[in-house]
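>>> Quick one, what's the 3D model for this:
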Amino acid sequence: MSRIAPAVILFFLAPFVAEFLLGNLPITMLSSLIVLAPMYGGGALLIREVARRTNRGWPGMIVLALAYGVLEEGITTQSLFNPNYLNAHLLDYGFLPSLGIAIPWTIFVLTIHTVWSISVPIALVEVLFSKRRTTPWLGRPGLALTCILFAIGIIATTAITLSTDAFIAPVPQLAGAVIAIIILIIIAFSLKPDEPFDTDTHPAPNARSVGVFALIASSIFMLIPHPPAWWIPVVLYVILGIVVFIVIRSWSRRRGWGDWHRLALAGGALLTYAWHGFPQPSVFLGNSTVDLIGNAIFAAAAVILILIAARRLQQAGSAPLPA
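Numbers count the residues shown, from 1 in each chain. Below is the predicted model:
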């Protein structure tokens, strides 16, 4: 079990972050974690294993995480195209008839899957097991089982979605989603292997500063308003994304960048989901007392996870957190 422990943890952490910590699902539905794990956890684990086995590292993982987002929202739930998905009217704001999608919703939902559903859980578990951060966690049988579970998760989620909403997107839209997924996969495997760190002689910033930056940037993303002019949040999303990309890319190549900084990035983003769960009405329970208590428990679990990861870094002999 110790050998596959990181894989098992990631398998269940991904759906926990994606649905429960976000605030979508209440604590009374925690048992559904088992149902959600094959899709979310299977997807995160498969992406991580493939990227590490092919030495594509984080660039490859991020692009594959985006492909996962297109798969889930474009094919499985079809929220990118369904104007009445969950009766939330997600496409009413910024809808483009020529594409059949709402630009603000598309950017938002694909970003949260890329960052929180896949990348943050992977980063946290890799820090928890820092000595095995870049090595595969599964053998061939385990990788094959992960592929099977992921396929089952996608099929089951699609079937559940269709059983509650008979909407099926037009063939051109579904074909466009499939083409986008294929293109993203090709891009992910066309990326060059990770460049070595420390290519910039400037010192890496304080790890706490990195964590504060991650918390602020991810919180801004969640708080971007939606005024009548739908292009305004789109522009803000794009500007924020460019700034975050440039800053992290620059920092990660500086001298001294390491596991503490990776934990700070993932931890800051995780804490954004932790506070977001409170104003986010959950399915069935809304913002009831039970729901808010559940959010508090989930937020506490997120903080404890970060503290455990920090403790394990200390035990693994990583340099102490900079003052």
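>>> Around Ile186, how many other residues sit close by?
Counted by other CB atoms under 10 Å, the residues lying close to Ile186 total 11. From N, CA and C alone the C-beta is placed, and that goes for glycine too.
>>> That one: which element?
Assessed by DSSP states H and E, Ile186 sits inside helix 171-190.
>>> and Ser218, that one's in a strand?
No. Applying DSSP: H, G, I helix; E, B strand; the rest coil, one finds Ser218 to be helix, outside a strand.
>>> Would you mind listing the buried residues in the lengthiest strand in the chain?
Secondary structure of the chain per DSSP state E: the longest strand is strand 200-203. Buried residues in strand 200-203, counting neighbours by 16 or more other CB atoms under 10 Å, are absent.
>>> State the mean pLDDT of it.
In this model, strand 200-203 has a mean pLDDT of 81.
>>> Show the secondary-structure elements that it is packed against.
strand 254-255 (3 or more CB pairs under 8 Å, 6 or more residues apart in numbering; DSSP states H and E).
>>> Strands of this protein, start to end?
Using DSSP E, the strands of the chain run over residues 95-96, 101-102, 200-203, 254-255.
>>> Relative to Thr272, which of those is closest?
With respect to Thr272, and counting by CB to CB, the nearest of the strands of the chain is strand 101-102 at 22.9 Å.
>>> Distance from the chain centre to that closest one, please.
Put simply, strand 101-102 sits 21 Å off its chain's centre (CA atoms, centre = their mean, to the nearest Å).
>>> who's in contact with it?
Residues outside strand 101-102 that contact it (CB atoms under 8 Å, 6 or more residues apart in numbering) are 80-81, 90-96, 173, 230.
>>> okay if I get those as JSON lines plus distance to His113 and pLDDT?
Formatted as JSON lines, the contacts of strand 101-102 follow (distance: CB to CB, whole Å; pLDDT from 0 to 100):
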{"residue": "Leu80", "distance to His113": "11", "pLDDT": "98"}
{"residue": "Phe81", "distance to His113": "16", "pLDDT": "98"}
{"residue": "Leu90", "distance to His113": "14", "pLDDT": "95"}
{"residue": "Leu91", "distance to His113": "17", "pLDDT": "96"}
{"residue": "Asp92", "distance to His113": "21", "pLDDT": "95"}
{"residue": "Tyr93", "distance to His113": "19", "pLDDT": "96"}
{"residue": "Gly94", "distance to His113": "19", "pLDDT": "97"}
{"residue": "Phe95", "distance to His113": "20", "pLDDT": "97"}
{"residue": "Leu96", "distance to His113": "20", "pLDDT": "96"}
{"residue": "Gln173", "distance to His113": "18", "pLDDT": "96"}
{"residue": "Trp230", "distance to His113": "21", "pLDDT": "97"}
